[in-house]
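# kindly return the folded structure for what I paste below:
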Amino acid sequence: MTDDVKNYTLDDFDYDLPEELIAQTPLKERDTSRLLVLDANTGATDDQHFYDIINYLNPGDALVMNNSRVLPARLYGVRPDTGGHVEVLLLRQDHDDVWETLIKPARKYRVGQTISFGDGLLEGVVTEELEHGGRMVEFHYDGIFLEILEQLGEMPLPPYIKEKLDDKERYQTVYSKVNGSAAAPTAGLHWTPELLEKVAAKGVKIVELTLHVGLGTFRPVEEENLDDHKMHSEFYQLSQEAADTLNEVHANGGRIIATGTTSIRTLETIGSKFDGQLEADSGWTDIFIRPGYKWTVVDAFITNFHLPKSTLVMLVASFTGRENILNAYQHAIEEHYRFFSFGDAMYVHK
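Residues are numbered from 1 along each chain as shown. Have a look, this model is predicted:
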């Protein structure tokens with residue numbers, strides 16, 4: 001039975017990962033991460049380092065990267081009336097100074113409840129209750145919100161990272177510039193300015209797009225029947241110049257190579273709207289790419305190693321086939337690759 005017709009369940013995307021392989025800190029040099037090269041057609045693997053990626057990119061190809069920048073979106077505050085401590089995680093800006101957030105402990109924070117941050121430098125008022133601990137919060141402050149956030153906020157590292165991050169910039173890509181993500185597009189953490197210069201010098205076009213990563217990235221899939229899983233929406237944007245460049249690359253026989261699942265989701269969202277072509281577009285996407293999906297734009301991609309039973313493992317499996325990706329993960333485990341956000345990378349091609 002092929003991936004096109006087989007009805008997979010959640011357990012089909014599980015694998016056993018020794019806890020010691022979950023990377024807790026980034027490497028000192030970004031591009032010295034290991035790189036597992038996977039041929040999606042044959043399942044063959046090759047062990048390299050990320051700086052070897054240059055050998056897999058050809059003149060006339062396009063390398064696509066997500067320039068979204070992570071907000072220091074984790075805030076610690078207090079209830080002015082009781083002095084109780086609260087953690088607030090910004091997910092996305094809804095409108096003006098109203099944000100969708102996750103609050104812990106949520107049950108104590110009803111509509112109208114005030115939260116104070118930084119001895120009153122920033123104040124939030126709960127305006128709406130959402131599911132799963134979500135709250136809409138309206139913020140009040142003097143000055144510039146992003147500057148206050150830089151002063152008070154912490155990087156919202158994933159829950160499986162227990163170590164404190166010494167340098168905030170190590171959870172940003174070197175090309176990040178558009179504020180808005182609640183988590184890093186981590187496949188891009190391996191790039192250095194010097195390596196990107198080599199890529200450009202080789203005749204590869206470097207193209208940027210924006211997708212603001214939401215915390216849905218870390219939310220586990222709970223439905224055994226994947227048809228019942230609802231993806232969280234994320235905002236994306238592709239410029240006309242970028243679309244024209246990518247269409248030209250394909251027209252001339254070059255490949256579109258995406259850095260990360262966020263770039264993939266943006267490109268495939270737009271490609272599926274416009275019959276495989278790319279056009280300037282922006283909006284919200286909740287695309288769920290899993291086995292059986294027909295790829296329209298992306299020819300190869302760079303990605304990190306993803307959590308068991310996650311939608312990201314399913315996305316990669318839709319390109320490689322389930323057996324090939326799980327075999328590659330098993331190889332990575334046996335070879336002691338580092339997993340997840342600060343871990344090593346894969347280059348997946350056909």
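
# which strand runs longest in this structure?
strand 85-95 (DSSP state E).

# what packs against the next helix or strand after that strand?
Once strand 85-95 ends, the next helix or strand along the chain (criterion: DSSP states H and E) is strand 98-104. Helices and strands touching strand 98-104, by 3 or more C-beta pairs under 8 Å, 6 or more residues apart in numbering; DSSP states H and E, are strand 85-95, strand 134-141. For the C-beta atoms, the positions are set from N, CA and C on the backbone; glycine is no exception.

# can you lay out those strands as CSV showing distance to Gly271?
Output for these, formatted as CSV (distance: least, C-beta to C-beta, whole Å):
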stretch, distance to Gly271
strand 85-95, 24
strand 134-141, 31
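
# low-confidence regions, the protein specifically.
For the chain, the stretches with pLDDT under 70 are 1-5, 217-219.

# quick check: most distant residue from the centroid of it.
For the chain, the largest distance from the centre (C-alpha atoms, centre = their mean) belongs to Asp81, which lies 37.7 Å off.

# hang on, the earlier thing: partner strands of the longest strand of the chain and their direction?
Partners of strand 85-95 in the sheet, by DSSP bridges, are strand 74-78 (antiparallel), strand 98-104 (antiparallel).

# ok, now which ones touch the closest residue in space to Leu267 that isn't next to it in sequence?
Spatial nearest neighbour of Leu267, excluding adjacent residues (C-beta to C-beta, 6 or more residues apart in numbering): Val297 at 4.4 Å. Residues in contact with Val297 (C-beta atoms under 8 Å, 6 or more residues apart in numbering) are Leu246, Ile256, Leu267, Glu268, Ile270, Gly271, Gly276, Leu278.

# of the residues you listed, buried ones?
Leu246, Ile256, Leu267, Glu268, Ile270, Gly271, Leu278 (16 or more other C-beta atoms under 10 Å).

# and the residue nearest to Leu267, helix, strand or coil?
Under DSSP: H, G, I helix; E, B strand; the rest coil, Val297 falls in the coil class.

# just checking, which of the buried ones among the contacts of Val297 belong to helices?
Leu246, Leu267, Glu268, Ile270, Gly271 (DSSP state H).

# show me the domain layout of the protein.
Following automatic domain parsing, one gets these domains for the chain: 10-70+167-349, 74-152.

# now the end-to-end length of the longest one.
In terms of C-alpha to C-alpha, to the nearest Å, the two terminal residues of domain 10-70+167-349 are separated by 25 Å.

# next, count neighbours for Leu211.
27 (other C-beta atoms under 10 Å).

# cool, Leu21 as well?
So Leu21, with other C-beta under 10 Å, has 16 neighbours.

# quick one: it and His336 touch, right?
Yes: contact criterion C-beta atoms under 8 Å: Leu21 and His336 qualify, at 6.6 Å.

# format the domains of the chain as TSV; extra columns: distance to Pro159.
What follows is the domains of the chain, written out as TSV (distance: least, C-beta to C-beta, whole Å):
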stretch	distance to Pro159
domain 10-70+167-349	7
domain 74-152	11
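
# please identify the deepest-packed of those.
Mean neighbour count, computed with mean count of other C-beta atoms under 10 Å, is highest for domain 10-70+167-349 among the domains of the chain, reaching a mean of 19.

# distance from the chain centre to that domain, please.
8 Å (C-alpha atoms, centre = their mean, to the nearest Å).

# ok, Asp97 - contacts?
So Asp97 contacts Glu138, Phe139, His140, Tyr141, Phe145 (C-beta under 8 Å, 6+ apart).

# which one of the residues you listed is nearest Ser176?
Phe145 (18.3 Å; C-beta to C-beta).

# do I have it right that that closest one meets Phe139?
Yes: assessed by C-beta under 8 Å, Phe145 is found in contact with Phe139 at 6.7 Å.

# would you mind measuring from the residue nearest to Leu267 to Lys198?
25 Å (C-beta to C-beta, to the nearest Å).

# most centrally placed residue in this structure?
Pro185 (3.7 Å).

# ok, that residue touching Ala258?
No: with contact defined as C-beta under 8 Å, Pro185 does not reach Ala258; the gap is 10.4 Å.

# how about the strands in the stretch 51-200 of the chain?
With DSSP state E, counting those that start in this stretch as the criterion, the stretch 51-200 of the chain has strands at 62-66, 68-70, 74-78, 85-95, 98-104, 114-117, 122-129, 134-141, 178-181.

# that'll do, ta.
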